[in-house]
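Trainee: For reference, the sequence and a predicted model appear below.
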Amino acid sequence: MEDFLNFKKMLTPLIIKILFWVGVVICVLAGIASMINGAQTQYGGGKAVFVGMLLVVLGPVIVRIYCELLIVIFSVNDTLTDIKNLMEDKKS
């Protein structure tokens, strides 16, 4: 608890994981909505269906990459903290 209150333990990685799943759900729902709209259009709906398919397939991948980049920042911080602690232990 003390690490959490002193900002030594990060809360943001958990939030990023939750935002990832929210982003995936939004991408899939928006892609399905786009495909339905394109399918219901009388003329020229093929583009909307194609965009919807891309959104369903590539949307979660792009959200995942973005979230992984954010998580890497916190992983680097954790690793540097571990190195700092090891260096302090060697001095003692």
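Mentor: Looks like it came in fine. Residues are numbered from 1 along each chain as shown.
Trainee: mind checking the SS state of residue 19?
Mentor: helix (DSSP: H, G, I helix; E, B strand; the rest coil).
Trainee: Ok, the one 5 residues further on next?
Mentor: Local secondary structure at residue 24 is given as helix here, using three-state DSSP.
Trainee: give the contact list for the closest residue to residue 60 other than its chain neighbours.
Mentor: Among residues not flanking residue 60 along the chain, residue 24 sits closest, at 4.5 Å (Cβ to Cβ, 6 or more residues apart in numbering). Every residue, glycine included, has its C-beta placed from N, CA and C. Counting by Cβ atoms under 8 Å, 6 or more residues apart in numbering, residue 24 touches 59, 60, 63, 64.
Trainee: so where does the first one fall, helix or strand?
Mentor: So the one you mean is residue 59. Using DSSP states H and E, residue 59 maps to helix 46-91.
Trainee: other SSEs contacting that helix?
Mentor: Contacts defined by 3 or more Cβ pairs under 8 Å, 6 or more residues apart in numbering; DSSP states H and E place helix 46-91 against helix 12-40.
Trainee: Output the lowest mean pLDDT helix or strand found in the protein.
Mentor: The weakest-scoring helix or strand in the chain, judged by mean pLDDT, DSSP states H and E, is helix 2-5 (a mean of 77).
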